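> Return atomic coordinates for the entry below.
(2 chains, ligands or ions: 1)
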Amino acid sequence: MTTTQVPTSTGAPVIGAGVTRVDGPLKVTGAVPYADDLAPRDALVGVLVGSTVAAGEISLVDTSDALAAPGVVAVLTHHNAPAVIRPNEASSDERAPMPPFQDATVRFRGDYVALVVAQTHEEAAHGASLLHVTYDATEPVVDLNDPRATRETDDPAGADSTRGDLDRGLAAADVVVEADYVTGDNTNNPLGLFAACAQWDGDALMMWATTQWPFNTADCLAEAWGIPREDVRVVCPYLGGGFGSGLRPWPYIHAAAMAAKVVDRPVRIVLSRPQMFTGVGHRPETVQRVRLGALRDGTLTAVEHTATIPVAMDDDNPENVVSGTRQGYAVEHLRADVDQVRLHISPPGSMRAPGEAQGNFGLETALDELALELGIDPVELRLRNYAHTNPDQDDLPWSSKALDECLRRGAELIGWDDRDPTPRSMREGDQLIGYGMAAVSFFYFQQPCTVRVVVRRDGSAAVHCAAMDIGTGTYTVVTQVAAERLGLELADVEVVLGDSSLPASPPAGGSGLAMAISNATARAVTGVLGDLELGSAPGRDALSRAVGDRDEVAAEATADKPDPAEVGMSPSGAFGAKFAKVRVDADLGLVRVERLVSVIDCGQVLNERTARSQVVGGTVGGIGHALLEHTTTDLHAGPQTGRITNAHLADYLIAVNADVPDLEVEFVGGPDRLNPVGVKGVGEVGLCGVAAAIGNAVHHATGRRIRRLPITPDLLL
Amino acid sequence: MHPFTYTRVDDVDAAVAAVTTDAVARAVQVPEDAAFIAGGTTQLDLMRDGVWSPGTLVDISRLPLADVEVEDGDGDDGTVLVVGAAVTMADLARHAAVAGLDVLRDSLLLAASPQLRAMATIGGNVLQRTRCRYFRDPTVSQCNKREPGSGCAAVEGTARMHAVLGVDAGCIALHASDLAVALVALDARVRLHGPDGVRTLPVADLHVRADDDPARDNVLTPGELVTHLEIPVPDARTGYLKVRDRASYEFALTSAAVVARVEDGVLAHVAIGLGGVGSVPWRATRAEEVLRGRPASLALFEEAAAAELADAFTLPGTDFKPELARRTLVRQLRDVTEVTA
Ligand SMILES: Cc1cc2nc3c(=O)[nH]c(=O)nc-3n(C[C@H](O)[C@H](O)[C@H](O)COP(=O)(O)OP(=O)(O)OC[C@H]3O[C@@H](n4cnc5c(N)ncnc54)[C@H](O)[C@@H]3O)c2cc1C
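Model (predicted):
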C-alpha cells in the first residue's frame, strides 16, 4: 500500500485525496482509547441478567445467594434501582428506549431484570448465575404474522405517501407484476462489545460509553436524572464498530449510571455477545408487497409498495422501508405504505441503511421481474423511468444526481452486454453463472452540526465537535477539510471528537455526518478567517501573524439542512448502481459471489481511500444481508418463545473473507450543488442494492426467483 | 461462570488419576467433576455459556502426545498414522504424512478457522460437544441432554444445524466434527488409556447416538484419556466435500467423506462418512452395501445415497437435509471415482 502525502502549504487540494487515516498508526498499534479503556481502573464490574420469558411480570427476585457469593457488592433490580425519567417520553415517534429496572414488566426475552455488581467480571458473572428470578409469564406475541399483534398505522416514520391515483395507473398498464418479498431480521454485530462506565461526582455524571451520538446520550442522561445538562459528560473517542447499534441511548448505559449511584463507586458494564443481540438494536425483518404496472415499452404507470415491520413493546423505531421507492423512479401513480406491528421482541434500531436496505430488495427485485416479463433489459428499464427531478418533492430538480452514469458505467465494468440474458443459459461445469443488477436512490438525511475551529498562536489549528468517528474516517476527513481551507499541513490540524462537552453534533448515522461536519468545518474556517481578516487558505505563517499575541482565536459555525422550496432544489442523497456476477452450484444450491461492481455518486469524495472503504464495507454487509445474515427467533408457543436461537458469532453468519471477492468500486458525478464542500454521505449506499443485485443474479443463473433474504442453499434445491 | 481450580499434569497416569467421574462421557459437567482441558475451544465455551461447571480442570495439553508417527500396519493395512491426541488440527493438516490423504487433510482445513485450528487438538476435536443452541443455553429448560426427561426444545424450535440420522423426537443434537467424519470413513481407531489400562476402539464405536441416550456423548469410562488416533492409510482415492452457507468458518450443512477404489469399473473398496446429518459421525453402511462390488455409475450413486437417507428423521427446519446430503454424497462419489455417467 502506498502512502499519499499531500503538501498543502502550496495550496494544493487535499479534499478528495486518499490520504491515510490520521488515526491509523494508533489503531494498528492498539493505542486508540476505546470508551472502556478510559474507565477508571478501580471501577466495579456489573453483569446484566436478562429475563428468560418474553412477556409477563417479574414475581420474585431472590438475590440472597448472589449477594452471598464472593466479591458481589450489590444487586440492582426494579425493587432498589433509582427511578429515572424516560428520555424523550413526550415525543410521538422517537422515545428513547425504556431505562431498565423501572417496573416489574417483561417486554421481551432478555429484558434486563437485574444487574449484579462485583469486584471482578468473573465474580459478577458467577453471582448472576446464582440469581433466582420467577415470573408470572403471559403469552408473548413474537411473530410478525400473528393476527393477535397490534398493528400501528400511524406512520411514525412519515413513510406513507400517495401520488396520483394508483387504480388509474394500474388500469393503464399493459403488464402488472405483483409479489411478496421477505427480509429476515439481522443483528449489527460490531466486533467491539459495547461498554459503559459511570462515575458520579455529587450530582454530576461522567460516562464513558460506546455510542455513535455522545451529544444525545448526554441529553438523555440529563433528562433521565433531572440534572443540568452541563453536569453530564459522555465521552467516546472511538468504538469498535457500530453500524447503527450505537445510535440510541440503550438501557445498559442507564444501568451503569444507576449502579454507580447506588454503590457510590464507578461501575462498568461490558455486554456479552448474546446481549449484543438483544441490547443494542437490530435490523427488523420485513414483509413487503410490491405491485408494478407498466406499458409494453417499459414506462411505469403505477407503483405500489407496502411493508410490515415489527416494533417493540413500549418503544419507537421509525424505519422508512419505502423511501427509495418514493423517490426512485418517475411514476405518476404511487402508493407507499408502512405499518408497524407490536411484538415482544427486543427493541429494533438502525442497522446500516435502515429501511432502505430492506425496501430496496423488494423494489429492485420486482423491477427485475418486470423487465423479464416485458423482455426489456433491466438497466434500460431503469433508465426509461429515470427520475430527472424528485417525484417525491414537488418535482424539484435534484441538487446532484448521476445515477444514469452509475448504471452505464457499472454495466460496462461488469460486461453486462456480453452476458446471455436468458435465465439458466450460462454454465461452467457444475456451476451456473448469473448476472444481476440493482439501482439505489439513497435518502437525504441532515441535522444541524456545530463545529468550533481554533487557530493557535503558532498558526496550527484545532477542530472541536461532539461528533463520533465510528471508524469511517471522520477524524481524517475533517482534518483534510480544515487543512485545505486554512492552507495547513494535515499534521498542523488537530481534530477532537467524541465528547458531549464539545459543540453539538448530529449522530454518526443516516450517512449524514460527513456532510454535516465538513460543511460546518468549512463555515467555521470561513468565520475564523474573517475574524482574522485573512483570505482563503492563508497558510501557517499568515495565521500565526494574524493571531498575534493572543493565545488563540476561535469561531463556531453551524451547518443545517436547506429549505428545498427556498433553494429551488431537492437535496440529494447518494445514488448507486450495483452489478453482481454469481456462481450457483447446480446441485448443491451454493451461491458464491464472483464479482461485485459498485458505481457510486456521493458528490464530492472527501477522501478516496476512506470513501472506497465505506463502499467496500457496505458491500460486505450487503453480501451478508443477501446470503448469510439471519437472526432467528423461536416462534412456536412454549417456554422458548421469543428466544433468539443463534445469538453467537459462530451461528450468526457474517460474511468472511472467503465470501467476498475483490470488490470493484468507482465514483462518478461531481460536487453537490447545495453545500459548500459539495459532499453527500457514502456510509450506507454501499450496502443497498447488493441483495437485489445478487438475488437477480441468482435468478439469471438458475431461473429460480427467491423472494426472501437470506438466500440460502436449501431454498435453491 | 462457576469457580474452578486448574491443574496441569505432565504424564498420562497423573491425568488419568485426576479424573475420577465420567465427566468426559456425560453431556454435562457438574462441580463434582474434574474434566480434561486440551485446547479448550469446546471446554471453555461451554463453561462460559454456563452449561458446564466442572470444579477442576486438568490441563492435558502439555502431555507428551504431540507427535505424528508413521507405522507399518498389520495384515492388509498399509501404513498407519499414529497421531498423538494433543497434536493440533493445524499441525496435523500440514504434516507431510497427510499430504496425500485428501479426506483427512481437507476435513481439517475446512474446519473452524486458522486461529481455532492452531489451538484445537485432535483428541478434543473428536470429543467436541454438540453445537445445538438449545443445549448450549442453560436458560432453555427443555433439553434431554442436560436434563434427562425434560424434553427437547429444538424439536419444536428452530432446527437447522441439527441431525436427521441417529436421532428421534427426544434429541436432534448433531455431532459437528468434520475430522471424525473422515476418521470413520478411514476405519480409524482411538487408543484409550484408563485406570484399568489401555484399550483400542474404532472411532465409529466411540460416540453414543442421541436416539440411544442423549445424556451420554461417548463411551469413555471415568478417567479414560484418548492418547492416540490410529489412522490406516488406505489403498484408495479419498476426498472430503463440505457444503455450507458461508464459504469458510462454518460447520457443515452436509458433508461427505469418501474413500473408494474402483477396479475394472467396479467398486472394489468403498467407505463413506457423512457429516452434518448424524448425532454421531455417520458411517454410511447402507450406502456402502449398495455400492460394494457393483459397477460404478451415477445411477448407482443415487441409489446408494437414497438408501442411506431413507429413514431420516426430519422437521420443518431440517427437511432439506436428506436431499442435500444425497446430492453431496453423489457429487463426492462422482469426484472421487471420476465416474462421469
Ligand atoms: C467457532 C467455532 C467453529 C468451529 N468449527 C468447526 C468446524 O467447522 N469443524 C469441526 O470439526 N470443528 C469445529 N469446531 C470445533 C473445534 O474443532 C473443537 O472445539 C476442537 O477441535 C476441540 O479441541 P480442543 O483441543 O480445543 O478441546 P477441548 O475444548 O479442550 O476439549 C473438548 C472436550 O474433549 C475432552 N478432551 C479433550 N482432549 C481429550 C483427550 N485427549 N481425552 C479425553 N478427553 C479429552 C475435554 O474434556 C472436553 O470435554 C469449531 C469450534 C468453534 C469454537
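
> Can you name the residues that contact the residue of chain A most remote from its centre?
Largest separation from the mean C-alpha position in chain A: A:D549, at 45.4 Å (Cα atoms, centre = their mean). Shown in contact with A:D549 (Cβ atoms under 8 Å, 6 or more residues apart in numbering or on different chains): A:R457. C-beta coordinates here come from the backbone N, C-alpha and C atoms, glycine included.

> my read: A:K680 touches A:G603, true?
Yes - with contact defined as Cβ atoms under 8 Å, A:K680 counts as touching A:G603 (3.7 Å).

> roughly how far is the longest strand seen in chain A from the heart of the chain?
In chain A, assigned by DSSP state E, the strand with the most residues is strand A:300-312. With Cα atoms, centre = their mean, to the nearest Å as the basis, strand A:300-312 stands 20 Å off its chain's centre.

> one step back: what's the pLDDT at the residue farthest from the centre of chain A?
Here the pLDDT value assigned to A:D549 is 97.

> Within the sheet, what are the partner strands of the longest strand of chain A, with directions?
Here strand A:300-312 has these sheet partners by DSSP bridges: strand A:286-294 (antiparallel), strand A:333-343 (parallel).

> pLDDT on that strand, on average?
Strand A:300-312 comes out at a mean pLDDT of 98.

> Go ahead and produce PDB holding the CA coordinates of it.
Taking Å, rounded to 0.1, in the frame of the first residue of the first chain, the C-alpha atoms of strand A:300-312 are listed here in PDB:
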ATOM      1  CA  LEU A 300     -44.100   2.600 -15.300                       C
ATOM      2  CA  THR A 301     -47.700   3.600 -14.900                       C
ATOM      3  CA  ALA A 302     -48.100   2.600 -11.200                       C
ATOM      4  CA  VAL A 303     -46.000   1.600  -8.300                       C
ATOM      5  CA  GLU A 304     -47.400   0.200  -5.000                       C
ATOM      6  CA  HIS A 305     -45.100  -0.800  -2.200                       C
ATOM      7  CA  THR A 306     -46.400  -1.800   1.200                       C
ATOM      8  CA  ALA A 307     -44.400  -3.100   4.100                       C
ATOM      9  CA  THR A 308     -45.000  -4.600   7.500                       C
ATOM     10  CA  ILE A 309     -42.200  -4.200  10.000                       C
ATOM     11  CA  PRO A 310     -42.100  -5.000  13.800                       C
ATOM     12  CA  VAL A 311     -41.600  -2.600  16.600                       C
ATOM     13  CA  ALA A 312     -41.000  -3.500  20.300                       C
END
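
> centre of the chain versus the helix or strand following it, how much separation?
Following strand A:300-312 in sequence order, the next helix or strand is helix A:323-328 (DSSP states H and E). Distance, stretch centre to chain centre, for helix A:323-328: 18 Å (Cα atoms, centre = their mean).

> cool, and stretch A:150-158?
21 Å.

> Can you name the residues that contact the residue lying closest to A:M468 once chain neighbours are set aside?
Nearest non-adjacent residue to A:M468, counting by Cβ to Cβ, 6 or more residues apart in numbering or on different chains: A:A508, 4.4 Å away. Taking Cβ under 8 Å, 6+ apart, we find A:A508 in contact with A:Q212, A:W213, A:G242, A:G246, A:A467, A:M468, A:D469, A:I470, A:T472, A:T474.

> Let me have those residues in TSV, extended by distance to the ligand, neighbour count and pLDDT.
Shown next, in TSV, are these (distance: Cβ to the nearest ligand atom, whole Å; neighbours: other Cβ atoms under 10 Å in any protein chain shown; pLDDT from 0 to 100):
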residue	distance to the ligand	neighbour count	pLDDT
A:Q212	28	25	97
A:W213	32	27	97
A:G242	24	28	96
A:G246	25	32	97
A:A467	36	32	98
A:M468	30	30	96
A:D469	30	26	96
A:I470	26	29	96
A:T472	29	24	96
A:T474	33	25	97
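
> Now flag whichever of those is closest to A:T641.
Nearest to A:T641 among these, counting by Cβ to Cβ, is A:G246 at 28.9 Å.

> So the closest one is in contact with A:V280, correct?
Yes - using Cβ under 8 Å, A:G246 makes contact with A:V280 at a distance of 7.1 Å.

> tell me the SS of the residue lying closest to B:R160 once chain neighbours are set aside?
Ranked by Cβ to Cβ, 6+ apart and with sequence neighbours excluded, the top spatial neighbour of B:R160 is B:G317, at 4.8 Å. Applying DSSP: H, G, I helix; E, B strand; the rest coil to B:G317 yields a three-state assignment of coil.

> Check B:G317 and give its pLDDT.
For B:G317, pLDDT reads 95.

> From B:S107, how far off is it?
As defined by Cβ to Cβ, to the nearest Å, B:G317 lies at a distance of 25 Å from B:S107.

> Tell me which of the two has more neighbours.
B:S107 (31 against 19; other Cβ atoms under 10 Å in any protein chain shown).

> For chain A, which residue gets nearest to the ligand?
For chain A, the residue closest to the ligand is A:A650, as judged by Cβ to the nearest ligand atom, at 3.6 Å.

> still on that earlier bit, quick check: the residue farthest from the centre of chain A vs chain B, distance?
58 Å (Cβ to the nearest Cβ, to the nearest Å).
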